[in-house]
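[1] Just need the structure, nothing else, for what follows:
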Amino acid sequence: MWETSYMARHTATMLTVNKLIAQGRGLAPALVKRAATVELDWDVRQKSRFDATDSAGRALGVFLPRGSVVRGGDVLVADDGSLIRVIAAPQAVLVVRHCAEHGSSFDLLRAAYHLGNRHVALELKPDHLKLEPDHVLAEMLRHMHLEVSEEQVAFEPEGGAYAMGEHAPAHGHDHHDHGHHGHDHSH
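    Got it, this is the predicted structure:
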């Protein structure tokens, strides 16, 4: 009931958005390039309902299915058929790198393990990790002899082991014969 009344109040003045096309898959690149944009930080993009303003100055009321996560590069589709390309807004993040003098890239693996045990939203890169600012975690990472700096950049944390829907990485695990003999893939 609340959801219906909320939508009724907002649809008169806002463009309603209730569809997301992950990474604009299936859309002509020219259409995506011409689309209006909306710049959103991670806190907003992990919500399924939010208000925003696009680059054309239009107020948007976004109502996606519960549990939806919006990523940079996704395309939102408004009820009038217009497209809005999502840009991951720069935001404050901690960037963690191994010490080039005294450490190795294995130190990042250890850090990812410890942060994962704390269920920290984490973006993984080959040479660094990104997480939302937290002075306690920053201190823990420094004690592990890692270099921690605060930067203003886009943040795209991993979706987790069970979030393999529309935003599954292109290099996901296909179940074709690739030399793994002698074990079963029964899931």
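
[2] What residues of the helix ranked longest in the chain count as buried?
    For the chain, the longest helix by residue count, based on DSSP state H, is helix 106-117. Residues 107-108, 110-112, 115 are the ones in helix 106-117 that count as buried (16 or more other C-beta atoms under 10 Å). C-beta here means a position set from N, CA and C on the backbone, and glycine is covered the same way.

[3] In a markdown table: the residues you listed, plus pLDDT and distance to Ala88.
    Formatted as a markdown table, those follow (pLDDT from 0 to 100; distance: C-beta to C-beta, whole Å):
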| residue | pLDDT | distance to Ala88 |
| --- | --- | --- |
| Asp107 | 95 | 27 |
| Leu108 | 95 | 22 |
| Arg110 | 96 | 27 |
| Ala111 | 97 | 22 |
| Ala112 | 96 | 21 |
| Leu115 | 97 | 20 |
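
[4] Which two among these are spaced furthest apart?
    With distance counted by C-beta to C-beta, no two of these lie farther apart than Asp107 and Leu115, which are 12.4 Å apart.

[5] Now the helix or strand where Arg142 lies: buried residues?
    Secondary structure assigned from DSSP states H and E places Arg142 in helix 135-143. Of the residues in helix 135-143, those with enough neighbours to count as buried (16+ other C-beta under 10 Å) are 137-138, 140-141.

[6] Summarise which helices and strands it is packed against.
    strand 91-98, helix 106-117, strand 146-153 (3 or more C-beta pairs under 8 Å, 6 or more residues apart in numbering; DSSP states H and E).

[7] Quick check: buried residues in the last one?
    Of the residues in strand 146-153, 146-148 count as buried by neighbour count, 16+ other C-beta under 10 Å.
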